[in-house]
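> What would the 3D arrangement of this be:
(4 chains)
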Amino acid sequence: MRLEYTERQKAFRKEIRDWLAAHVPKEPLRSFDTEEGFAQHRAWERKLSGASLSAVTWPRDLGGRGLDLIEWLTFEEEYWRANAPLRVNQNGIFLLAPTLMEHGTEEQKKRFLPRMADGSDIWAQAWSESGAGSDMAAIRCKAVRDGDHYVLSGSKIWSTRAVWADWCFGLFRSDPASSRHHGLSFLLLPLKLPGITIRPIKQLNGLPGFAEIFFDDVRVPADNRIGEEGQGWNIAMATAGFERGLMLRSPARFQQTAKRLVDLYQQNRATADADPAIRDAVLKAWMDAEAYALATYATASRLARGGQIGAEASTNKIFWSELDVSMHEAAMSILGARAELMPHAPDAQGVEGWLDGFLFSLAGPIYAGTNEIQRNIIAERMLGLPRA
Amino acid sequence: MRLEYTERQKAFRKEIRDWLAAHVPKEPLRSFDTEEGFAQHRAWERKLSGASLSAVTWPRDLGGRGLDLIEWLTFEEEYWRANAPLRVNQNGIFLLAPTLMEHGTEEQKKRFLPRMADGSDIWAQAWSESGAGSDMAAIRCKAVRDGDHYVLSGSKIWSTRAVWADWCFGLFRSDPASSRHHGLSFLLLPLKLPGITIRPIKQLNGLPGFAEIFFDDVRVPADNRIGEEGQGWNIAMATAGFERGLMLRSPARFQQTAKRLVDLYQQNRATADADPAIRDAVLKAWMDAEAYALATYATASRLARGGQIGAEASTNKIFWSELDVSMHEAAMSILGARAELMPHAPDAQGVEGWLDGFLFSLAGPIYAGTNEIQRNIIAERMLGLPRA
Amino acid sequence: MDFTFDDQQLAFRDAIRKFLMVEAAPEWLREIWETRSGRSLDLRTKLADQGLTAISVPEPHGGMGLGDLDWVLAQQELGYYAIPDSLNDTAYLAVDLLKRLPAGHALAAQWLPRIAQGTARIAIAHPVNPFTADAENADLLLLWHEDEIHALKPAQAKLTLNESIDMSRRLYRIDWTPTASSRVCDASAGRAIWEDLLNRAGLALAAQLVGLASRMLDLGIDHSVNRKQFGKPVGSFQAVKHHMADVAVKIEFARPVVYRAAYAMQKGQADRAVHVSHARLAAGEAARLAARRSIQVHGAMGYTWEADLQMFMKRAWALEANWGDRSFHKARVAAHVLDPVAELGPAHTF
Amino acid sequence: MDFTFDDQQLAFRDAIRKFLMVEAAPEWLREIWETRSGRSLDLRTKLADQGLTAISVPEPHGGMGLGDLDWVLAQQELGYYAIPDSLNDTAYLAVDLLKRLPAGHALAAQWLPRIAQGTARIAIAHPVNPFTADAENADLLLLWHEDEIHALKPAQAKLTLNESIDMSRRLYRIDWTPTASSRVCDASAGRAIWEDLLNRAGLALAAQLVGLASRMLDLGIDHSVNRKQFGKPVGSFQAVKHHMADVAVKIEFARPVVYRAAYAMQKGQADRAVHVSHARLAAGEAARLAARRSIQVHGAMGYTWEADLQMFMKRAWALEANWGDRSFHKARVAAHVLDPVAELGPAHTF
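Numbers count the residues shown, from 1 in each chain, chains lettered A, B, ... in the order given. Below is the predicted model:
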């Protein structure tokens, strides 16, 4: 055990800190769930990529920097600390890319990853179907093989970023006679193909953060398939592990929220201290955000020594999503009657961001496999309790 | 709606208050889970009965006073307020008696109830079996009909008070070919009958608060059966409703605990205020104890107008049991390093009672049907969610 | 001692419920959300026809002369159907304020009949709320100024719209200057009136929050009965059952607290403030849990604009911090519970 | 940056675990509960043979010269197997105190070798604890007096036994009079030593509480796999699964906090107090939840003396309030988090 950064790590941190100080937009970008905001965020991805900072853990020849997980955590810490923009391409960079690295061909990596790194292709995920939310194996969307193409029909739903994204990835039933998790294939496809219709779905905040995608005999080249035909489930499970676990929710995000919460509490103690639950929630927020960071460093260190991601995927998912809700609930309590204000309301000074963050936090215990499913997984796979 | 007591109710309260002030033992009795304490508590029951106060809602000719539920609540309020002894015969008076009133014959009522009221017979319950805890319908204890007797064989467990009690009541399988909740009969029997062996079971606090009862061809007269042969389940369900619901846990008990908790907090604020969760828990304790009292008055009022006990049995069970645990947890937090002291320890001043109360509170969410079972009942019977 | 409502009160509640079930369906709520004023003249007329604007207006002024116990049942329904603020502000809060003005004040005779008929809207500005709902649509503003009561036409003040996440709430910052001619009542008489207004507002919102909690529970139940996953309704999973059961328990034990507070208000009992704050906290907790659990059992659907749940969640979040937030009400409960001379414990519930 | 233990540390931990699995089975614990001293000479010898009394005694005094990071793994096992206090008090806490006495103090040379060999027991009295565990069985008492360190034989003090619900804890109130001859160290040198002793005790208990939480989780799992209700193992019900999963999550996120605190102690980092208190709070929360959930899934069986669970619950309840209760540790966390000059947020974890 050695809980000090190396000189190289410290130098990297300083480089990132300096670069972000010089480049992070002074004014916050608009939400990437608006057309204008999406374009702003794509431009930001391009700028990050210009400094080889959009995907620091990837190999250099694919647009990354070949850094290890500890350096990735360092990058994230500086990124969140600087209040830099949210990553519009997180579905691509943090979910699809690890899958591609592990299961894609060399040709596929070269074709997809550099354009992902520089923001040319923004990716949406297309996992769920209206009858297959938490029960992902209930997929019915068909991909019928026709020579060197698949012909897609059916629909996907809850596809984040799909309204303005360029590409999507998902699971399709390539063997019509199969059921459950057999006979599925993992396909990548442009969202502008003929036969695709996108129905934006408005979220709680009124913005179309996700969409339903309809496929009407959409032709997708077979070489857009990751892994073997019919092996999509196993590949997707690895991706789901990334989604729930280490990669998507870097601890710095929650540490920054905890810090903002402490600041908000300090500014409002005159009223907030009348409810002792608020002070308790603030202390707990700091402790839990630190605990999450420590657990992540421990996992990253273990992976660096050749370990594998295991049940952390599920325990992390539960911990960060409940922490995020608690912190935002505490902020709403502190804000009291001002908490309901929309960020653009004229008297919303000091309120900005918390309401949107609160709404977003409520999705945490639901997406990427509900927390109920995660608890089942922990109980059955980690603790060995019998299946029902 | 009229939330004032009548003159008659006020006069009754005054009578009770005066009587208790004159008669409640100055020194707390020993635990009724000791032989000596059991005898002390029996004597106390006799004293209560002498003033017609042991079962105030029963008809006068059975040893009661014919009072209504509001007066019963008043009695309980004064009783708990006076820190009067726990009721060693609560299994009889609050569980069995309502069942007897509803399903017993006139002869049975006369035979059992007056001796229950005056403490001559202290009752134990004998519901559970080692394979039938929450799943009460899995009962295997047999009662084979032999002329005007049943012959009992098998065993019961978790039988509270059984170590020193005189009688017990329980469900037995009188139809050997039956299964689940069919073919059960509700029997009453003396614990001193030949063929009965009692194995005391020590509880968390080291005292034998419950026991296992073994039946080895025990002969019980058939006229000790309540209701028809084979109809025991329905009768027992009514009893279980009383157990979970209104009768067993009168709100005054929790209001008194909440008040003691407020006092404990006030005496220890110098240290307790360092943990804001404590203050919050204290305020919540007072609020929830009041809410429970109000809900009980509402139910009693509704019953007075001819209403029936419904899902309150389950919602009450969850509410009081979780409230009781929370209050005792808060007290343990306030007591800090002194919380672990046994009540008889030389330096246990100011600690007495809380540890035992905490241990006892942990049984609340378990007995009389676990809270998990109660939540199932609420979801399925009150909210209409589908069975699994 | 009788802690039940009488048959007439329950019948009135049932009539309101039946009426709102038809006239205040979620589709209709969505429709008025989209209008500029956020208000519907049509609904206002119907609410008046139903007698809802006349409940506590004295009979001489054309009302029914009823009180808090009748209102508390109605408020639960208003919450269940997410009826916008103006009915409560006008027909409950403003009526009480006007009734209690020093005898013979012209304002009462002028406005109470119009309120009863449903032809007037009144908005109330009190410093516990940074914004006033519906100020622009009101015919009259009643304003706090150092415990004085003032009255203005909306045009006499500067109103700044502040959008709320709850689109049914049109919130305004009011900038205005108190003058002798705007003053209706001095501070010595005003203090007690404002005090009770604050309590009555707290009670109203507590009842609405219980109604909202019930609605969110019902929406969660509906969804989990109909939505299938892993080949069966999600409502057949024990985790979902327990999520919903927890909400039901919270509601069951919030409701009597709210009724008790209504009784304290109706009778003007000395300890009414603590009963109201207790009711607000209990109801708020039920509503918060109902929102959390209902969105959870809805899954991704609960996170959408198109699922009705969002309207009720947003309203619950907004109302919970209105007319005194949680800190405000907890401080009032603490003041009672920790008062060394307070009589706590059994035998002091009533 | 490497947040893992090395192979040697893990091998040492595994050896301890294997040893305790055999030598510290619950049946055996029950047996020594029943003895008057509550202590077993046999176990004491075996623990010493295993090297557990020598971990942090310096090599010149016959020990291994290891530190907090080795201890933290051992402490988890001591918690998991509910090993009584005296090993920790003697071989971890007292050793550290003795090592840090002003150079060449006779007490160190006198006692450290005996501790390493397992032939001495030391009990420590500090005002944060109203009672001192094992004082009567100790060969030496080390006592706080206004930041001075004093040493006494137990016979030189008046000891009053106070029974704990945890029968493995023999608690004594110590009445004694400090004298010049009992003083080992003055306040100026003693202050820092006591400060670190307090932190080290907090760390030790945090690690033991994590171990206890794991044990209670394992007992809950065992029971729910084996116990059948409604025709299937209770562990196949979703509610039971989720009860256990929640505990697993708490433990997973307490453990790294404890390790981080151990590192801070080993390196003497300036902010070690807040890390220790954070560890204590996280571990305490895990242990409390583990007790609650495990007794719940045990059903009535969990409420009995005969089920092993009770021994671990009682120990967890007792230890959680020892060497600083929750209020004490929360105050220390608050002092850090709310310090206006504290550097919070990302990039300040290490």
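> can you list the residues of chain A near chain B?
A:D275, A:P276, A:A277, A:I278, A:R279, A:D280, A:L283 (C-beta under 8 Å from any C-beta of the partner chain). Bear in mind the C-beta positions are built from the backbone N, C-alpha and C, glycine included.
> can you redo the residues you listed as TSV with distance to A:A211, neighbour count and pLDDT?
Listed next are those as TSV, based on distance: C-beta to C-beta, whole Å; neighbours: other C-beta atoms under 10 Å in any protein chain shown; pLDDT from 0 to 100:
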residue	distance to A:A211	neighbour count	pLDDT
A:D275	40	27	98
A:P276	44	22	98
A:A277	38	21	98
A:I278	38	27	98
A:R279	42	23	98
A:D280	40	20	98
A:L283	40	25	98
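> just the strands in chain A please.
Counting by DSSP state E, the segments of chain A that form strands are A:123-126, A:142-146, A:149-160, A:167-173, A:184-190, A:196-201, A:210-221, A:225-226.
> Contact residues of the stretch 201-350 of chain C facing chain D?
So the stretch 201-350 of chain C meets chain D at C:F237, C:Q238, C:A239, C:H242 (C-beta under 8 Å from any C-beta).
> most surrounded residue in the residues you listed?
Highest neighbour count within those, by other C-beta atoms under 10 Å in any protein chain shown: C:F237, with 24 neighbours.
> Burial check on the closest residue to A:L113 other than its chain neighbours, number of neighbours?
In space, and not counting its chain neighbours, A:L113 is closest to A:L62: 4.3 Å by C-beta to C-beta, 6 or more residues apart in numbering or on different chains. Burial of A:L62 is recorded as 18 neighbouring residues (other C-beta under 10 Å).
> A:L62 and chain C, how far apart?
32 Å (C-beta to the nearest C-beta, to the nearest Å).
> about what we covered before: reformat the residues of chain A next to chain B as CSV; add distance to D:A48.
As requested, the residues of chain A next to chain B are exported to CSV (distance: C-beta to C-beta, whole Å):
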residue, distance to D:A48
A:D275, 53
A:P276, 48
A:A277, 48
A:I278, 50
A:R279, 47
A:D280, 44
A:L283, 41
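> Of these, just say which sits nearest to D:P60.
A:L283 (43.6 Å; C-beta to C-beta).
> so what's that closest one up against?
B:P276, D:K330, D:V333, D:A334, D:V337 (C-beta atoms under 8 Å, 6 or more residues apart in numbering or on different chains).
> Could you rerun that using 7 Å?
By C-beta atoms under 7 Å, 6 or more residues apart in numbering or on different chains, the residues touching A:L283 are D:K330, D:V333, D:A334, D:V337.
> Number of residues surrounding the third one?
As a burial measure, the neighbour count of D:A334 was computed by other C-beta under 10 Å and equals 20.
> what does the second one give?
Taking other C-beta under 10 Å as the criterion, the count of residues near D:V333 is 22.
> Just want the phi and psi numbers for it.
D:V333 adopts backbone torsions of phi -70, psi -40, taken as degrees, to the nearest 10.
> For chain C, see how far away it is.
D:V333 is 22 Å from chain C, by C-beta to the nearest C-beta.
> The first one now?
Relative to chain C, D:K330 is positioned 19 Å away (C-beta to the nearest C-beta).
> one step back: ok, the residues of the stretch 201-350 of chain C next to chain D vs chain A, which is closest?
C:A239 (4.5 Å; C-beta to the nearest C-beta).
> Going by secondary structure, the closest one is in what exactly?
helix C:238-266 (DSSP states H and E).
> do that helix and chain A meet at all?
Yes: using C-beta under 7 Å from any C-beta of the partner chain, helix C:238-266 reaches chain A at C:A239.
> That helix vs helix D:238-267, what angle?
Orientation note: helix C:238-266 sits at an angle of 90 degrees relative to helix D:238-267 (axes from the mean of the first three to the mean of the last three C-alpha atoms, to 10 degrees).
> what's the next secondary structure element after helix C:238-266?
Trace forward from helix C:238-266 with DSSP H and E and the next one is helix C:272-298.
> Run the angle between that next one and helix C:238-266 for me.
Using the same axes, to 10 degrees, helix C:272-298 lies at 160 degrees relative to helix C:238-266.
> Alpha carbons only: can I get the following helix or strand past helix C:272-298 in PDB?
Once the chain leaves helix C:272-298, the next helix or strand it forms, by DSSP H and E, is helix C:309-320. The C-alpha atoms that make up helix C:309-320 are tabulated as PDB, following Å, rounded to 0.1, in the frame of the first residue of the first chain:
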ATOM      1  CA  LEU C 309     -46.700  10.700 -12.200                       C
ATOM      2  CA  GLN C 310     -44.400  13.700 -12.900                       C
ATOM      3  CA  MET C 311     -47.200  16.200 -12.400                       C
ATOM      4  CA  PHE C 312     -48.000  14.900  -8.900                       C
ATOM      5  CA  MET C 313     -44.300  14.600  -7.900                       C
ATOM      6  CA  LYS C 314     -43.500  18.100  -8.900                       C
ATOM      7  CA  ARG C 315     -46.500  19.500  -7.100                       C
ATOM      8  CA  ALA C 316     -45.600  17.500  -4.000                       C
ATOM      9  CA  TRP C 317     -42.000  18.800  -4.100                       C
ATOM     10  CA  ALA C 318     -43.100  22.400  -4.500                       C
ATOM     11  CA  LEU C 319     -45.900  22.300  -1.900                       C
ATOM     12  CA  GLU C 320     -43.700  20.700   0.700                       C
END
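> Quick check: the gap between C:H242 and chain B.
For C:H242, the distance to chain B - C-beta to the nearest C-beta - is 5 Å.
> Not counting sequence-adjacent ones, nearest residue to that residue?
Closest to C:H242 by C-beta to C-beta, 6+ apart is B:R375, at 4.5 Å.
> Please apply the same query to C:T132.
C:A125 (4.4 Å).
> what about the one you found, neighbour count?
21.
> Do I have it right that it meets C:L143?
Yes: counting by C-beta atoms under 7 Å, C:A125 touches C:L143, with 4.4 Å between them.
> Angles on the backbone of the closest residue in space to C:A187 that isn't next to it in sequence, please.
Nearest non-adjacent residue to C:A187, counting by C-beta to C-beta, 6+ apart: C:D147, 3.7 Å away. For C:D147, the backbone dihedrals (degrees, to the nearest 10) come out as phi 70, psi 0.
> quick one on the thing from earlier: which one among the residues of chain A next to chain B gets closest to chain C?
The nearest one, if we look at the residues of chain A next to chain B relative to chain C and count by C-beta to the nearest C-beta, is A:D275, at 4.1 Å.
> Apart from its neighbours in sequence, what residue is nearest the closest one?
C:S327 (4.1 Å).
> helix or strand for that neighbour, which one?
Judged by DSSP H and E, C:S327 forms part of helix C:326-337.
> Chain B contacts on the stretch 251-350 of chain C?
C:252-253, C:256-257, C:260, C:263, C:278, C:281-282, C:330, C:333-334, C:337-338, C:344-347, C:349-350.
> Count the neighbours of the nearest residue to A:K284 once chain neighbours are set aside for me.
Distances taken as C-beta to C-beta, 6+ apart put A:S326 closest to A:K284, at 7.1 Å, once the chain neighbours are dropped. A:S326 has 16 neighbours, counted by other C-beta under 10 Å.
> Repeat that for A:R249.
A:R249: 25 neighbours (other C-beta under 10 Å).
> related to what we said a few turns ago, just want the angle from the helix holding C:S327 to helix C:309-320.
50 degrees.
> for helix C:326-337, which positions count as buried?
C:R326, C:S327, C:F328, C:H329, C:K330, C:A331, C:R332, C:V333, C:A334, C:H336, C:V337 (16 or more other C-beta atoms under 10 Å in any protein chain shown).
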